[in-house]
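> sequence first, then the predicted structure:
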Amino acid sequence: MDVPQRDLPRLRRRLLRWYDAHRRDLPWRRQPRNAYLQWLAEIMLQQTQVATAVPYFNKFIERFPDVHRLAAAPLEDVLHAWAGLGYYARARNLHRTARIVDARGGHFPDNAADLEDLPGIGKYTARALASIAYDRPVAAVDGNVRRVLARLHGVTGDLSRGPASHRIWALAEQLMPRRRCGDFNQAMMELGATVCTPQRPGCHRCPWAKLCCEKRRGVQHRIPQGGRRTRPNPGTLVVAGVEHRRSLLLRRRPPQGPPAATARADRGHWVERGVTASSSRRSRSTTVGSPSTSSAVVPSRPCTQSCSCSVVPNSAPVTWAGPS
């Protein structure tokens, strides 16, 4: 049961008034037309909550205040500044995109189609950036927006794919105003993040409560169905350390595979259900695992390289709930 077409202008006005009065003061919102800041914020907010991202954002722009500084920096410096946010592929794609944009004179594309061609930018991020930085009238649908629109229009089913997903995107495009497009997209995200939450939605604070289909039916507390999450495939990792003259032996991981481009103890391998061992002549150590992702090295007897290598005493296996 959709909201009638005649009510769409009223929905737009109410939401923008609510946003003007209640939006959070976030650092990237202070310069909405700065495409670099909007891009950086959108990348950081992928898989990261706002409260966590804000201090990282502030420190990051102190170190890399514009796309030219970011492009000129070594990847290692970018990864170091990103440390703690996780999902390091985001940082590598950030660096790649910065170099592409810098080569074009520092100007980001001003439309969603061209933005989506850049590394690490998908449909949602491209549309969010195009609408916020350039006021393009394109809808940006994230998890918060899906939930808001599903409740408003009474959409059921899997909102992440198939007919329900297509309907949500169509409804978002239908609601999009011709002006203040970026504010409107951010307002819907803000509504989902602070009022129309998954648990205990604050309908008494919602500017759309009187027009909400789920509210009228008394089922607003029902959580709209999202996509099925991939079940983790647990495995066991034995962690050890190799120390030499107060230095720890680490090696950079390859750029692909979890967790890519981060440091690891030398010559180890990820193991899924079970352990296989092989000998390393150079370090006279035993490695565990299969040839997928690297993890640790476990010396099988004292090192003969005239150093003070040591294994972490009584080290317990570490369980990784990684994807299959």
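Sure thing, it's come through. Residues are numbered from 1 along each chain as shown.

> mind telling me what element the most centrally placed residue in the chain is part of?
Geometric centre of the chain, nearest residue: residue 46, 1.9 Å, by Cα atoms, centre = their mean. Following DSSP states H and E, there is no helix or strand that holds residue 46.

> nearest residue to it in space, please, no chain neighbours.
Excluding its sequence neighbours, the residue lying closest to residue 46 (Cβ to Cβ, 6 or more residues apart in numbering) is residue 90, at 6.1 Å. All C-beta spots, glycine's among them, are computed from the backbone N, C-alpha and C.

> contacting residues for residue 15?
Residues in contact with residue 15 (Cβ atoms under 8 Å, 6 or more residues apart in numbering) are 184, 187-188, 191, 207-208.

> same thing with residue 195?
201-203, 205-206.

> can you map out the strands along the protein?
Counting by DSSP state E, the chain has these strands, from start to end: 233-237, 243-244, 247-248, 251-252, 263-264, 277-280, 285-288, 297-299, 318-322.

> quick revisit: tell me the buried residues within the contacts of residue 195.
Neighbour counting over these (16 or more other Cβ atoms under 10 Å) leaves 201, 203, 206 as the buried ones.

> between those residues, which is closest to residue 250?
Here the nearest of the buried ones among the contacts of residue 195 to residue 250, counting by Cβ to Cβ, is residue 201; it sits at 46.6 Å.

> wait, the closest one sits on residue 152?
No. Between residue 201 and residue 152 no contact is recorded; they are 11.3 Å apart, counting by Cβ atoms under 8 Å.

> hmm, back to that, farthest-apart pair in the contacts of residue 195, please.
201 and 205 (9.2 Å).

> excluding sequence neighbours, find me the nearest residue to residue 132.
For residue 132, ignoring the flanking residues on the chain, the nearest one in space by Cβ to Cβ, 6+ apart is residue 182 at 3.5 Å.

> any weak-confidence spans in the stretch 201-324 of the chain?
226-230, 239, 251-324 (pLDDT under 70).

> picking that back up, for the residue nearest to residue 46, what are its contacts?
Contacts of residue 90 by Cβ under 8 Å, 6+ apart are 43-44, 46-47, 82, 120.

> now these in a markdown table, with pLDDT and distance to residue 171?
As requested, the contacts of residue 90 are exported to a markdown table (pLDDT from 0 to 100; distance: Cβ to Cβ, whole Å):
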| residue | pLDDT | distance to residue 171 |
| --- | --- | --- |
| 43 | 97 | 26 |
| 44 | 96 | 28 |
| 46 | 91 | 23 |
| 47 | 87 | 25 |
| 82 | 95 | 35 |
| 120 | 95 | 27 |
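
> can I have the buried ones of the residues you listed as a ChimeraX selection?
A single ChimeraX command selects the buried members of the contacts of residue 90 (16+ other Cβ under 10 Å):
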select :43,44,46,82,120
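
> if I look at the residue nearest to residue 46, how far off is residue 97?
10 Å (Cβ to Cβ, to the nearest Å).

> same deal with residue 117?
Separation of residue 117 from residue 97 (Cβ to Cβ) stands at 10 Å.

> neighbour-wise, which of the two wins?
Neighbour totals were compared for residue 117 and residue 97, and residue 97 leads with 21 against 10 (other Cβ atoms under 10 Å).

> my read is that that one contacts residue 118, right?
Yes. With contact defined as Cβ under 8 Å, residue 97 reaches residue 118; the gap is 4.7 Å.

> hmm, back to that, format the contacts of residue 195 as JSON lines; extra columns: distance to residue 30.
Shown next, in JSON lines, are the contacts of residue 195 (distance: Cβ to Cβ, whole Å):
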{"residue": "201", "distance to residue 30": "29"}
{"residue": "202", "distance to residue 30": "26"}
{"residue": "203", "distance to residue 30": "30"}
{"residue": "205", "distance to residue 30": "24"}
{"residue": "206", "distance to residue 30": "26"}
